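Peer 1: next one to model:
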Amino acid sequence: MPRHPLLSLRQLSHVIVVILYCINFIIPLVESLSTRLSPSKRPRRYGNSSCTKIQRGRISWHRHSKSRFPCCPAAATCIRLTNNDVDENTELRFLKDVTAVWTKYTDYGDLPYESALRALKAYHEVHGNLVIPRGFIVPSRDEYPPEWHGAKLSRHIYNMKWWQKHIAQHSHRVAQLNQLGFVWERLQPEWNLFMESLVYYSSMYGNVMVPSSFVIPHEDERWPKAIWGYPLGNVVYRVRFRNDFLLGENAVERKNQLDGLDFVFDVSEHNFLKFFRALRMYSKIESENNSRTSSLSPREHTTIRVPSKFVIPTGKEFGWPEDLWGYPLGAKCLAVRQKELYIKNHPDRKKALEEIGFRFSGNATLGWLDVVHAAAIYSQMHNRTLNVPFDFVVPAPPSSISADNVQIEDSWPWPERLWGLRLGQRLKDVRLKGAYLKGSDAHIRRAQLDALGFVWSPRRGRRKRALGGGNAGKELSE
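Peer 2: Numbering: from 1, shown residues only. Model prediction:
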């Protein structure tokens, strides 16, 4: 025998009717309860509409949606007096004087030209021009027409629709607006204003790396009046992250225009490449300086050590590209090591830095490893005694070693990455200043020095030059 459904169609229809009846009963009940609990805050009803009341002294504004709750033909706002003791004549006189009741217009662009002209004249009398800021809101003052109170004047006036409706077919109105200083250049597509702003920014600052908070200043004659107050930084941000202006049939052409200005779409990649280039330049310049001052081989060192306070100097005489002048390279290196700047979630960038000699353990750790390595070699060459003259510098092979003496060069005791290390000065700082002996690893480093025969209190006076400097080179070169 087939199973019947739990509810037949007739029973289901009865259930639906009961649910609808309950809803119809509950809604008025809830409204009545809210009326008794908070009569001053409940929405007031006018006809068949429900509005949200906003109290302003004796006057209350009741805002509502025209499409859902029409209380008057084509109205979006209505005004009523809240005091019941106000007579009818007072209310009628108030409604006649205050024309802010929008009984006819729902769009500021639909307001008559004469109304807009009065608003423009009022702004001109107060400010002396018509360079209206984009965020300017018409204040509720007597000099402005009441129907414009609370409106963003610039948005509705500097608008192609407003121009086509009120100006295009009325040439005499152009003369009226010219007398007020109307900025006609603002009546153009937003893309044109954006490109004009970018071109001027590039000419002033040499790039288009616009901060997101940058707004073109007002009353700055370096900028055209049409773009005064333009939020260029915010628009650039939206172009990068939302592809504003770059969707549609003009996308390729507009992207080519931005490329012509060297517009940067990926700021993170741009900043990393700048840091990477600065590191390579630092390594190259330091290598050249070391080979010139200490007669070292012009080979590049395998490790890049940048002081944390190093800032790229300004001036062509230092050999740095002009776009890197003033770049805080030391601080950037510190941020890369400690905060993973540029390399977080980018293992390819980290690998690229390691390949050019950047180390993520920090200069202090790297310095100690080089010192203890050089100290171990020196101690082995001097019968397990580590008493290094303060002016000792780890030597490079003599320049007389040629390609024919590859075996001699390979047998040189000092690794290439230690050439030029001022070992004597480093160990002197260990004795006098406690260098490298601070922190949790201090006792381990002391034990390492003791194992190498480090002399903590050397005897004063002259002594023979230690083997490993000139003598080591002389013995191997003979």
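
Peer 1: export the helix or strand hosting Tyr237 to CSV, keeping only CA atoms.
Peer 2: Using DSSP states H and E, Tyr237 sits in helix 232-242. What follows is helix 232-242, C-alpha atoms only, in CSV (Å, rounded to 0.1, in the frame of the first residue of the first chain):
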residue,chain,number,x,y,z
LEU,A,232,44.6,61.9,-6.5
GLY,A,233,46.1,59.4,-3.9
ASN,A,234,42.7,57.7,-3.4
VAL,A,235,42.1,57.4,-7.1
VAL,A,236,45.6,55.9,-7.7
TYR,A,237,44.9,53.4,-5.0
ARG,A,238,41.6,52.4,-6.6
VAL,A,239,43.3,52.1,-10.0
ARG,A,240,45.9,49.7,-8.5
PHE,A,241,43.6,47.5,-6.5
ARG,A,242,40.2,47.8,-8.2
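
Peer 1: quick one: the strands in the stretch 201-350 of the chain?
Peer 2: Read by DSSP state E, counting those that start in this stretch, the stretch 201-350 of the chain holds no strands at all.

Peer 1: pLDDT weak spots in it?
Peer 2: 290-302 (pLDDT under 70).

Peer 1: quick revisit: got the contact list for the helix holding Tyr237?
Peer 2: Outside helix 232-242, the residues that touch it by CB atoms under 8 Å, 6 or more residues apart in numbering are 194, 197-198, 201, 208, 210-216, 244-246, 258, 263-267. Quick note: C-beta positions are derived from backbone N, CA and C, even for glycine.

Peer 1: can you point out the buried residues in that helix?
Peer 2: Of the residues in helix 232-242, Leu232, Gly233, Val235, Val236, Tyr237, Val239, Arg240 count as buried by neighbour count, 16 or more other CB atoms under 10 Å.

Peer 1: weed out the non-buried ones from the contacts of helix 232-242.
Peer 2: 194, 197-198, 201, 208, 210, 214-216, 245-246, 258, 263-264.

Peer 1: next, the buried residues of stretch 143-157.
Peer 2: Those would be Tyr144, Pro145, Pro146, Glu147, Trp148, Ala151, Lys152, Leu153, Ser154, Arg155, His156, Ile157, for stretch 143-157 by 16+ other CB under 10 Å.

Peer 1: which ones among the buried ones among the contacts of helix 232-242 lie within helices?
Peer 2: Using DSSP state H, the members of these that fall within helices are Phe194, Ser197, Leu198, Tyr201, Leu258.

Peer 1: looking at the residues you listed, which is nearest Pro133?
Peer 2: Using CB to CB, Ser197 is the member of those that lies nearest Pro133, at 15.0 Å.

Peer 1: need the buried ones among the contacts of helix 232-242 in JSON lines with distance to Lys121, can you?
Peer 2: Formatted as JSON lines, the buried ones among the contacts of helix 232-242 follow (distance: CB to CB, whole Å):
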{"residue": "Phe194", "distance to Lys121": "30"}
{"residue": "Ser197", "distance to Lys121": "28"}
{"residue": "Leu198", "distance to Lys121": "34"}
{"residue": "Tyr201", "distance to Lys121": "33"}
{"residue": "Val208", "distance to Lys121": "38"}
{"residue": "Val210", "distance to Lys121": "35"}
{"residue": "Phe214", "distance to Lys121": "32"}
{"residue": "Val215", "distance to Lys121": "27"}
{"residue": "Ile216", "distance to Lys121": "26"}
{"residue": "Phe245", "distance to Lys121": "34"}
{"residue": "Leu246", "distance to Lys121": "40"}
{"residue": "Leu258", "distance to Lys121": "40"}
{"residue": "Phe263", "distance to Lys121": "40"}
{"residue": "Val264", "distance to Lys121": "44"}
